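S.K.: Only the shape, not the letters, is given here:
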């Protein structure tokens, strides 16, 4: 029988491209034994205005608390990460679930996926309408797949899209939600504004250069609405990891478009440690879906985390596998962000006892102007939040920021 005590280290944010980590020790006197786990969430990589910073941070805090509540109740990582995503989807300030971007037809179509590092099962839905919490459909697909084959030996689906995804969700007890109830005043006004801009642009007699200039201007103006996919990564006290991601997609996207949030290896990735990999890893991405799909950034970052130096490995992955990727050589700006955690079992010998537990390293990196994150361990009284920004004078899509920290979830073997 083990009694648990916990200590955590918070790493002070490092400056972009700075590989020096300075840690400070936090007291563990008031931490509760018997529970454990850690969650890191993001409210998107894009642009977060100072005027809405409070709202973005607040929803990240709520998502962290929701996940920690599930961990304290004994839930596994995959259940906790789904709970965090539901909270993020329900916020009108995020581009996921309620308040998602509208497509060209004025409708909401959402993408989501979830991956369980213990079973390595994955569930995803794309371009789904009329479902309030798309991640619940993805999670149900994952759970159903774990039950084995269907009648007549059929393989259960792990990825459904469109009307088929909606009908499957309803048939499995997930209630539908009228699309008009999912739109908010903000998303409707953004749609009307974007539609007017498109109509005006189509009337103008312009050449290639002017078209390109307008496109870049539109990207700048709508960046926060286009790139604020939400996601989370979790590790439970048993060392299981899980990741999830959810998005309403690009504003004014073509109906039926499916972004990185639903694609395997692009939106999220989770993989427990095994003989081949010494670390358990979990990743969730955000940004321009097409850029993330063509680079499979979630899986690439997960693989990079098997290196000894997590900070340096993520920096190199973002630079070499994303910004400088040959698959994106034609792009002027490569826009995206990731949250990553990796963990391993650790043993620390002390004079009177052996301390066993989990060492959790967590990081975030982005090439967009900003990225909002929150994190919390099951022993913390409240979540910490942070809006990471590129340094002044740097160019979004060509520069990157990287920050992170360390958390130790310890147990005392008696």
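M.R.: Sure, I can see it. Note that this is a predicted model, so its numbers are computed, not measured.

S.K.: so residue 341 touches residue 282, yeah?
M.R.: Yes. Contact criterion CB atoms under 8 Å: residue 341 and residue 282 qualify, at 5.2 Å. All C-beta spots, glycine's among them, are computed from the backbone N, C-alpha and C.

S.K.: more neighbours, the two?
M.R.: residue 282 (35 against 29; other CB atoms under 10 Å).

S.K.: my read is that one is in a helix, agree?
M.R.: No. Checked against DSSP: H, G, I helix; E, B strand; the rest coil, residue 282 lies outside a helix; its state is strand.

S.K.: Could I get the contacting residues of it?
M.R.: Taking CB atoms under 8 Å, 6 or more residues apart in numbering, we find residue 282 in contact with 77, 117, 233-235, 241-243, 268-271, 302, 340-342.

S.K.: switch the cut-off to 10 Å
M.R.: 40, 77, 81, 115-117, 231-235, 240-244, 268-272, 298, 301-302, 305, 339-343, 362 (CB atoms under 10 Å, 6 or more residues apart in numbering).

S.K.: Pairing partners for it in the sheet, please.
M.R.: residue 270, residue 341 (DSSP bridges).

S.K.: can you list the weak-confidence ranges in this structure?
M.R.: 1-35, 205-228, 347-356, 411-414 (pLDDT under 70).

S.K.: Give me the most central residue, it.
M.R.: Residue closest to the mean C-alpha point of the chain, counted by CA atoms, centre = their mean, is residue 231 at 2.4 Å.

S.K.: Name the next helix or strand downstream of the host helix or strand of it, please.
M.R.: Applying DSSP states H and E as the criterion places residue 231 in strand 230-236. Heading C-terminal from strand 230-236, the first helix or strand you meet, by DSSP H and E, is strand 241-247.

S.K.: Direction included, what does that next one pair up with?
M.R.: strand 110-116 (antiparallel), strand 230-236 (antiparallel).

S.K.: and the residue nearest to residue 319 when sequence neighbours are not counted, what does it touch?
M.R.: Distances taken as CB to CB, 6 or more residues apart in numbering place residue 400 nearest to residue 319, at 6.8 Å, with adjacent residues excluded. Contacts for residue 400 (CB under 10 Å, 6+ apart) come out as 16-17, 314-315, 318-319, 322-323, 334, 336-337, 365-368, 390, 394.

S.K.: ok, now residue 109?
M.R.: 100-103, 126-130, 134, 161-162, 179, 248-249, 253-259.

S.K.: Only the buried subset of those, as a ChimeraX command please.
M.R.: Selection of buried members from the contacts of residue 109 for ChimeraX, criterion 16 or more other CB atoms under 10 Å:
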select :100,101,102,103,126,127,128,129,130,134,161,162,179,248,249,253,257,258,259
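
S.K.: quick one: which of the contacts of residue 109 sit in strands?
M.R.: Counting by DSSP state E, the contacts of residue 109 place 126, 127, 128, 161 in strands.

S.K.: Now do the strands in the stretch 51-200 of the chain.
M.R.: 110-116, 122-128, 159-161 (DSSP state E, counting those that start in this stretch).

S.K.: same thing with the stretch 301-414 of the chain?
M.R.: Counting by DSSP E, counting those that start in this stretch, the strands of the stretch 301-414 of the chain are 336-349, 354-366, 370-377, 384-389, 401-413.

S.K.: Please look at residue 186 and residue 92 and confirm they touch.
M.R.: Yes. Between residue 186 and residue 92 there is a contact at 6.5 Å, judged by CB atoms under 10 Å.

S.K.: re earlier: dump the strands of the stretch 51-200 of the chain to JSON lines, plus distance to residue 380.
M.R.: Shown next, in JSON lines, are those (distance: least, CB to CB, whole Å):
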{"stretch": "strand 110-116", "distance to residue 380": "24"}
{"stretch": "strand 122-128", "distance to residue 380": "29"}
{"stretch": "strand 159-161", "distance to residue 380": "35"}
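
S.K.: Need the winner for burial among those.
M.R.: strand 110-116 (a mean of 32; mean count of other CB atoms under 10 Å).

S.K.: so which of the strands of the stretch 51-200 of the chain comes closest to residue 52?
M.R.: strand 110-116 (21.3 Å; CB to CB).

S.K.: what's the angle from that closest one to strand 122-128?
M.R.: Strand 110-116 and strand 122-128 are oriented at 180 degrees to each other (axes from the mean of the first three to the mean of the last three CA atoms, to 10 degrees).

S.K.: How far does strand 110-116 sit from its chain's centre?
M.R.: 10 Å (CA atoms, centre = their mean, to the nearest Å).

S.K.: And stretch 358-371, by the same measure?
M.R.: 10 Å.

S.K.: any idea which of the strands of the stretch 301-414 of the chain is most buried?
M.R.: strand 370-377 (a mean of 28).

S.K.: for the closest residue to residue 366 other than its chain neighbours, which residues make a bridge with it?
M.R.: Leaving out its chain neighbours, the residue that sits closest to residue 366 by CB to CB, 6+ apart is residue 337, at 3.2 Å. In this entry, residue 337 is beta-bridged to residue 286, residue 366, by DSSP bridges.

S.K.: can you offset everything so residue one is 203?
M.R.: OK, 203 is where the count begins now, so the last one is residue 539.

S.K.: correct me, but residue 269 touches residue 263?
M.R.: No. In this structure, residue 269 is not within contact of residue 263 by CB under 10 Å, at 11.1 Å.

S.K.: out of the two, which sits in the busier spot?
M.R.: residue 269 (34 against 18).

S.K.: for that one, what are its contacts?
M.R.: 239-243, 277, 279, 281-289, 434-436, 438, 444, 578, 580, 585.

S.K.: again with residue 597
M.R.: So residue 597 contacts 534, 535, 569, 571 (CB under 10 Å, 6+ apart).

S.K.: cool, and residue 345?
M.R.: 280, 281, 284, 316, 318, 321, 323, 325, 358, 374.
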